[in-house]
Structures are given as structure tokens and as C-alpha cells.
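Sequence first, then the predicted structure:
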Amino acid sequence: MSRTTVESFKDLDYPQALNFCSVFYNEVVVTNICTAVRVGKTLDVYLLSWGRPLLMITTTDVYAVGAPIIVGLIFLEVVVSAFKKYEFYKLGDTGGTLGLLAGNVFVSLITQGLTLGLYFYLYQFRLVTINELFAPWIIWLITFLSIDFIFYWYHRASHRVRFLWAIHMNHHSSTEMNFFVAFRQAWFGPISKTPFFMVMPLIGFDPSITVVAALCSRLWGVVGHTQWIGKLGWLDGIFNTPSTHRVHHGTNPEYIDSNYGNLLIVWDRLFGTYVKEEAQVVFGLVNNVETNNPIKITFYTWSAIITDVKSAQSFDEVIGYIVGPPDWLPKESKNL
């Protein structure tokens, strides 16, 4: 594989792009998600989409720094919880999280190459080339902001569209709130996100940068899942902090469907979904699943959707039960 091959990646069709994303050849090493290439043992790094030398962060670098920090936070939280008898962690709940995480990782391993290959394929049809318009630090900044903006709407839709909620409710099924709950991810989560983020390569965001920025964003999301850290003053009005994210996980009537941001909470302030933490938060679902079995949790809402669709009296009701809000009911039922 030559440097020319790398620079012409943008001209590959989808099957070729998919193959390129999994190849290891000679001394040119492609990272597991095609972030960049390192030639030999030098530090020359090239962006796949345009070939211009640029020192950049890879997903491996992010994991190398972020993973020890996250593991350390979880360890400290467990120790503090045990020492001060906070009961942040319960064995059954943690077991359920492990089961959901295992399924999520399995699906991710199957789909991530397909998804990334699709993004690189779509990148050929971009409106502009962001990498050619701005300095590197601006590229990273607008990539983070764009990911967060799209995530806000994906996350909001996941609470207001029932078939998306059937996936996302897995994450909210825990009645606890701790760092490890951040890893309570739905088995089908990696699939549900893809349609929302397809717009980024079409606009002109290089997937090799986007995937790294998205990983950083996901790691930041872990920090919000804790009762250990209290309110942070003015920071709670700008960033998604533990306080604002506790509200998001609350079943209190005043907390339902709020605080969807991941990095920033400003999107919620702009679009009217921001709520401050006031009353003690009650975590979980409005109607808890009462099980830690990851299979039952995964298919809990899907089963309810199927039952409702079977009882539907019209096509409109079928659509309502599938894409309406989770609490959607036919007009006749509402009037009872």
C-alpha cells in the first residue's frame, strides 16, 4: 500500500472503502477505525481523505489517556461508596449493566467497519471540504460542536419517538446513578445513531476526525453519571455536568424529557429543554422493568410495541404506536 493509495481513498467506492478499513499491510498500519496511517516507525501521520501531513490524535491515543481515567473514577467511586455507605453500586444492577454492555460491544464490533466505510463513501459527495477551509484547531472545534448538536437531536428523538425509545430506555433502566451506568448501553444503540450522523460526511466533515472527536465526547459523557459530584455553579448552565445529567435520568415529573446535551447544555437552553436540579432525583423509568436480565430489558419496550400494534384499530394507530411518543395513546383511549 503506497502513500498514493492513502491519498486517493476518497475515490474508493463503498466495498473498497470497507476493505481498506480492515487492512494491515507491510509497515503501513491503518488504525482499527481508519483514523490515520503511520508509515513505518516514524511520526508522519496523514489524514486519509486529503493526504496533507498533520499531527493528529487517533482513537488509540484517546483510549490510552481516557480509559485509565475512567477506570480510576469508577474505582474511586466504588471505594467512596463502600467506605461512606452511599450504596451507589448494587450487585444486580451492575450485573445488568455488564450484560447490556457486552451486547453493545458485540454489535459495535460487527457494525463499526460497515458504518465507517459508509461514512467515507458518503464523504465523496460532500458539499465542502472542511479540512481545506480552517486551521486544525478550528476544524476540531466545529467538529465537536457539530457532533454535540446532532447528538442533542438524536438524544431528544430517542426520548420522543417510541421505537427509538425502545432502544434508549435500556440506558435509563437502572435505578442507580454511578459512573458505570454510563456503560449501560443498548444492544442496538450503534445502529440507531448512524442515520443521524450520516449528515456529517455529506456536509464535509472528515470521518477520520469525526470518529476521534465522537470518542472523546462519549468519554466525557461518562463523567455526568454520578451522585458523587454535586452542583458546579455556573458550569451547570454551560456544560452537561453531573447535576444536569442527574436531572436527565430523573423520573420526577418536573425532570421528564430534559437536558439532552452531551458536552454542552446550551442546546437545551436554546431549545427549551433545560431544567435545573432542585428536588431529590428519583432514578430509573416511570414504570421500571423490575429486572436486571439484559435480554428482558433489551426487548421490554419492543414487546409492548408489538402488543399495541396488534391491537391497533387503524393504520394511523399503528404509526402512532411505533413513531409517536412513548406515552402515545389513540384519541379514544385518552378520552376514557
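It's in.

what about the spatially most central residue of the chain, which SS state?
Centroid-nearest residue in the chain: Arg218, 5.9 Å away (criterion: CA atoms, centre = their mean). At Arg218 the chain is in helix, as set by DSSP: H, G, I helix; E, B strand; the rest coil.

Let me know the pLDDT of it.
In this model, Arg218 is scored at 93, pLDDT.

Now do the strands in the stretch 201-336 of the chain.
Assigned by DSSP state E, counting those that start in this stretch, the stretch 201-336 of the chain shows no strands.

just the helices in it please.
207-223, 242-248, 266-271, 294-311, 315-323, 331-334 (DSSP state H, counting those that start in this stretch).

tell me the most buried of those helices?
Among these, helix 242-248 has the highest mean neighbour count (mean count of other CB atoms under 10 Å), at a mean of 23. The way it works is simple: take the backbone N, C-alpha and C, and place the C-beta from them, glycine included.

now that helix: mean pLDDT?
Here the average pLDDT along helix 242-248 is 97.

Repeat that for stretch 260-274.
On average, stretch 260-274 scores 97.

now do the same end-to-end measure for it.
8 Å (CA to CA, to the nearest Å).

chain center to it: distance?
Put simply, stretch 260-274 sits 16 Å off its chain's centre (CA atoms, centre = their mean, to the nearest Å).

which residues sit against it?
Identification of contacts with stretch 260-274 by CB atoms under 8 Å, 6 or more residues apart in numbering yields 144-145, 148-149, 151-152, 155-156, 159, 217, 220-221, 236-241, 244, 248, 257-259, 275.

If you go by neighbour count, which of these are buried?
Among those, the ones that count as buried by 16 or more other CB atoms under 10 Å are 144, 148-149, 151-152, 155-156, 159, 217, 220-221, 236, 239-241, 244, 248, 258-259, 275.

Could you look up the SS state of the nearest residue to Asn170 once chain neighbours are set aside?
Distances taken as CB to CB, 6 or more residues apart in numbering put Ala186 closest to Asn170, at 3.9 Å, once the chain neighbours are dropped. Classification of Ala186 using three-state DSSP returns coil.

Fine, thanks again, bye for now.
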